[in-house]
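Chemist: got a sequence here, can you model it:
(one chain, ligands or ions: 1)
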Amino acid sequence: MRALSLCLTHPDCGLHVPFWGHPERVARQEAALAGARRAGWREEVPDVDEGVVVAAVERIHDPSLPLRLREACKHAPTLFDCADNPIAPGTYRAAVAAVACALEGLGRLRAGRAFRVFAAIRPPGHHATRSQAMGFCFFNNAAVVAEVACAQGMGPVAIVDFDVHHGNGTQELFYHRNDVFYLSVHRYPFYPGTGSADEVGVGKGRGFTRNFPLAAGADDDTYVEALSFGLEELTKAVTPQLWLVSAGFDAHELDPLGGMAVTAAGFGRIGTLLAQAAAGKPLLALLEGGYHLKALEESVAAFLLQLVGPGEAGT
Ligand SMILES: [Zn+2]
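Modeler: Next up is the predicted model:
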């Protein structure tokens, strides 16, 4: 039987230890993994090849970014690029491991050895711009994978981002392109300040970025309705050969940062929508935000269960 669902993770992601009290903390990874286990997803730890990861990161980021981060970690603890991004001595290795999991996911999908992959990784990625780390993010995991996938002939690629924050980095990186469609549903106005409905791409990329800004307090129905509209527009504009999901769970009603009212069941409905939209095409979901541990575990479980449908997890 075809291996349907696979959860990829790496212990090195736990080497990124921001100062005490920082919401993007080590325990998030274990909470996400607990959710994946509850959903019955098989778990694997891929090998990390730093050279392969850095080469992939340099395809989409300024090549100075990985170098700067590696050097900065020698002087940790310190801040990197902005006050949101404290680093530890192991932050570079954690960021490399996160990308390695994402790339392994792409490889498994491409080889037909998985159909739905969840990468339980940190640090997250969608705020990282071409040359800057920000918003708890260092390397843009989703953007790195999208770029590699396009180079391997797997385009067009859809990136669907349901994190409560707008993925400014991902949008910026593909704003001018028509081979990667970026769709985001998020709270607005809110950090990082981008993501209004009139941000739709430029040049040949016009129409390949779509934002659904939502007011504070949005609930399951509001979130699901916006995502549903967005997916309809996306599938009219492109026929993705690969679906990437920036899976942030900080729109949960218990999240300390998000200010929204989505429940775990709501994330399950989002999983259903994405499963229907992706249909027979491969899908890779990458963990972004989600800062209440129990809510994160329950939301990941509900999301992944619906992403494959009842009784279909595992091999
Ligand atoms: Zn977020």
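
Chemist: return the residues in contact with the residue of the chain found nearest the ion.
Modeler: Here the chain gets closest to the ion at one residue, residue 289, 2.8 Å apart by C-beta to the ion. For every residue, glycine as well, the C-beta is placed using N, CA and C. Shown in contact with residue 289 (C-beta atoms under 8 Å, 6 or more residues apart in numbering): 24, 124, 136, 163-165, 248-250, 255, 257-258.

Chemist: and the stretch 51-200 of the chain, which residues reach the ion?
Modeler: 163, 165 (C-beta under 5 Å from the ion).

Chemist: the helices in the stretch 51-200 of the chain, which residues?
Modeler: 64-73, 91-110, 141-151, 168-174 (DSSP state H, counting those that start in this stretch).

Chemist: remind me what the longest one packs against, helices and strands.
Modeler: The helices and strands touching helix 91-110, judged by 3 or more C-beta pairs under 8 Å, 6 or more residues apart in numbering; DSSP states H and E, are strand 5-8, helix 50-60, helix 64-73, strand 116-119, helix 141-151, strand 283-287.

Chemist: buried set for it?
Modeler: Across helix 91-110, burial judged by 16 or more other C-beta atoms under 10 Å covers 91-106, 108-110.

Chemist: out of the contacts of residue 289, which is most surrounded?
Modeler: Highest neighbour count within those, by other C-beta atoms under 10 Å: residue 249, with 32 neighbours.

Chemist: give me the nearest residue to that residue, chain neighbours excluded.
Modeler: residue 290 (3.2 Å; C-beta to C-beta, 6 or more residues apart in numbering).

Chemist: so the one you found is in contact with residue 299, correct?
Modeler: Yes. If you go by C-beta atoms under 8 Å, residue 290 and residue 299 touch, sitting 6.6 Å apart.

Chemist: mutual contacts of these two, please.
Modeler: 249, 252.

Chemist: next, residue 211: phi, psi?
Modeler: Here is the backbone geometry of residue 211 (degrees, to the nearest 10): phi -120, psi 140.

Chemist: how about the residues of the stretch 201-315 of the chain by the ion?
Modeler: 248, 250, 289.

Chemist: okay if I get those residues as TSV plus secondary structure and pLDDT?
Modeler: Converted to TSV, these look like this (DSSP: H, G, I helix; E, B strand; the rest coil; pLDDT from 0 to 100):
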residue	secondary structure	pLDDT
248	coil	98
250	coil	98
289	coil	98
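
Chemist: want to throw these into TSV with distance to residue 305?
Modeler: Formatted as TSV, those follow (distance: C-beta to C-beta, whole Å):
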residue	distance to residue 305
248	18
250	20
289	20
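
Chemist: out of those residues, which is nearest to residue 41?
Modeler: residue 248 (18.3 Å; C-beta to C-beta).

Chemist: run through this protein and note the low-pLDDT ranges.
Modeler: Across the chain, the ranges flagged by pLDDT under 70 are 1-3, 309-315.
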